[in-house]
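> Sequence first, then the predicted structure, then my questions.
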Amino acid sequence: MRFLVGIVACVGLVGCGGSTTSVGPAKAHRPPTILTDPVQPTTFVQAQSAMLALYSSHRALSAFTVENVQYTPATRDKVLSVCRAAGPEKSASARESVRVLACAPLIFFFYSYGRQASVPEAVAVARRLYWYAVTNNREPYQAGPGLTRLLRSWGVT
């Protein structure tokens, strides 16, 4: 129980910008996750290449379903095009929102497949797509904090 309380306290401090340093047996080394790894600049081509390689090496991915959603190569490409370019939205903020909201379910999908099928490459693709969404959606707002909150609410770590 103490361990659980310690984790909750650490998560609360991180959310408030505090320190996660602790003293004593409650301190646990936690490996970086998709949302806590230092964000690295990522291009669309890098994210797309990682996805295509994953689909090529894991044929079961095309049939994987999570939350009643399945991304065949065709549907993946449609959603990915919105994640990159948005749609007919006129304002910069609307385009940014649409791009981020298109990327988020794809990130969740790859993360879920990676965790459920024990495929670390899928988690790496989710991370790369997250990095792309965060580093390429900064105008007029910083998309990172909102995207991170959304993904956490879906269980992505």
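Sure, I can see it.

> quick one: pLDDT of Pro38?
You'll see Pro38 listed with a pLDDT of 89.

> Just say helix, strand or coil for it.
When states are read from DSSP: H, G, I helix; E, B strand; the rest coil, the local structure at Pro38 comes out as coil.

> Kindly tell me how buried it is, as a neighbour count.
Here the neighbour count serves as a burial measure; for Pro38 (other CB atoms under 10 Å) it reads 6. Placement of C-beta: from N, CA and C, glycine included.

> Just the buried positions in the strand or helix carrying Arg128, please.
Using DSSP states H and E, Arg128 sits within helix 120-135. For helix 120-135, the buried set under the neighbour-count rule, 16 or more other CB atoms under 10 Å, comprises 122-123, 125-134.

> got the CA coordinates for it in CSV?
Output of helix 120-135 as CSV, limited to C-alpha atoms (Å, rounded to 0.1, in the frame of the first residue of the first chain):
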residue,chain,number,x,y,z
PRO,A,120,8.1,-3.3,-28.4
GLU,A,121,8.5,-2.0,-31.9
ALA,A,122,4.8,-1.0,-31.9
VAL,A,123,5.4,1.0,-28.7
ALA,A,124,8.4,2.6,-30.3
VAL,A,125,6.1,3.6,-33.3
ALA,A,126,3.6,5.1,-30.8
ARG,A,127,6.4,7.1,-29.2
ARG,A,128,7.7,8.3,-32.6
LEU,A,129,4.2,9.4,-33.7
TYR,A,130,3.7,11.2,-30.3
TRP,A,131,7.0,13.0,-30.8
TYR,A,132,5.9,14.0,-34.3
ALA,A,133,2.6,15.3,-33.0
VAL,A,134,4.2,17.2,-30.2
THR,A,135,7.0,18.7,-32.2
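
> Sweet, I'm off.
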